[in-house]
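Trainee: structure for this input, please:
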Amino acid sequence: MPKVRVLNLGNREFEGMENQSIMEILYRHGYEIDSACGGHGQCSSCKVIVLEGMENLYPPQFEELDSIEEFGLDERERLSCQAKLNGKGDVVIYIP
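Mentor: Sure thing, here's the model as predicted:
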């Protein structure tokens, strides 16, 4: 199973499944990320910085692409509610 490792949570690892968002994975393990829009990809309050394993996430889709452009996120920042594991490997993130 692919894992999401969060550097600023003591390097904790959270197991996930393919097609599961980073937000869902963390929530399932008892950690809640703030989300002003309720996890619909319309704000940037749940953004994370992907330090390793960007290739192990599906590319951003329509909602997330709009938010990335609107809020000026850089290429390493993704919305945790929209960034989904593709099942090919682990991801290392930092939560700002």
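
Trainee: what segments of the protein are strands?
Mentor: 3-6, 12-15, 47-52, 77-79, 91-94 (DSSP state E).

Trainee: out of the ones you listed, which is closest to Gly38?
Mentor: Relative to Gly38, the nearest member of the strands of the chain by CB to CB is strand 77-79, separated by 12.2 Å. C-betas here are computed from N, CA, C, even on glycine.

Trainee: from the contact counts, what lies against that closest one?
Mentor: Judged by 3 or more CB pairs under 8 Å, 6 or more residues apart in numbering; DSSP states H and E, the packing partners of strand 77-79 are strand 47-52, helix 62-71.

Trainee: and if we set it to 10 Å?
Mentor: If contacts are counted by 3 or more CB pairs under 10 Å, 6 or more residues apart in numbering; DSSP states H and E, strand 77-79 sits against helix 22-28, strand 47-52, helix 62-71, strand 91-94.
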